[in-house]
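no sequence on this one, just coordinates:
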DNA sequence: GTTTAAGATATATATTTTATACACCTTTAA
DNA sequence: TTAAAGGTGTATAAAATATATATCTTAAAC
């Protein structure tokens, strides 16, 4: 059971931006070098974060990215829910489910209950809570 | 975020056995046909369940497998914890972790908290609770 | 108005993880 | 001795995930 790198990287980008001044523009290159992640891959993560309305991107010379909200306004649970796309805990959660038990078994209910508690826990935290305790340069 | 088929199949085998009489031997072939899963693959799952002490296997002619404990004595959370081997939620949980944030960021604590609540929820259920409401033949 | 520095996007490739297949071994009751 | 059962190791396939390549678009600076 693990989250995708996509979610992992999304959180890291937001954390990176969260240590900066609210209106400070940061370049993707800087972040990719800091984490040692390919620039192209990170660009996609960043693009997705912009689509999700978490960050503001500015194209062209002098551009960069910045948080659109304050760290204490960004909920970790929401971020994970939005960036993680695969919540098919077991076969019975998939669209192509072929398990013959599905109509009569109680597993789905139980796994759903657990997953809800997982997300609910994450929702008790904001980006501010997980921010590194040092400025990242 | 999902469990491996290994865990999924393990639960299914236990559920299958749980609908039978306590001392009734069931063959792997029967289960693999019921679920449409390869016999060889299921054999490994079964073997693992035996190692984990959940089932009793009897080799040789007239053999088969059966639950070693009553369904109400088997905890779903324990089963998942024991059959699922990959709980590396994010890179910072892996032995080969290279994330530079690790020493200073609060993500691990938060993800751990959530995972604990996930497992704790599952631990509130027994095999009896998820058993199919019909006998499987 | 051309150059340069930034993000955007589509497609292809590689890597890793997960699942399955194949082949053969061991055990034990009939 | 045979047949029916589980056990085991290795190889292969499939799926999911991550990365690389290449090229495009935008906009400030000169």
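Noted; the coordinates are in hand. Fair warning: this is a prediction, and the values are worked out from it, not measured in the lab.

alpha carbons only for contacts and neighbour counts from here, please
Will do.

does stretch A:122-129 come close to chain B?
Yes - using Cα under 8 Å from any Cα of the partner chain, stretch A:122-129 reaches chain B at A:122, A:125, A:129.

return the distance of that stretch from the chain's centre.
Centroid displacement of stretch A:122-129 relative to its chain, using Cα atoms, centre = their mean, to the nearest Å, is 12 Å.

quick one: contacts of that stretch?
By Cα atoms under 8 Å, 6 or more residues apart in numbering or on different chains, the surrounding residues in contact with stretch A:122-129 are A:14-15, A:18, A:71-78, B:106, B:110-111, B:114.

which of the residues of stretch A:122-129 next to chain B sits closest to residue B:1?
Closest to residue B:1 out of the residues of stretch A:122-129 next to chain B is residue A:122 (14.1 Å), distances taken as Cα to Cα.

from residue A:115, how far out is that closest one?
Residue A:122 is 11 Å from residue A:115, where distance means Cα to Cα, to the nearest Å.

and for residue A:126?
Counting by Cα to Cα, the separation of residue A:126 from residue A:115 is 19 Å.

looking at those two, which is more packed in?
More neighbours surround residue A:115 than the other of residue A:126 and residue A:115, with 22 against 19 (other Cα atoms under 10 Å in any protein chain shown).

could you look up the SS state of the more buried one?
Here residue A:115 is helix, with the state taken from DSSP: H, G, I helix; E, B strand; the rest coil.

surely residue A:43 is in contact with residue A:27?
No - with contact defined as Cα atoms under 8 Å, residue A:43 does not reach residue A:27; the gap is 10.1 Å.

so, low pLDDT: which residues of chain A?
Applying pLDDT under 70 to chain A picks out residues A:134-137.
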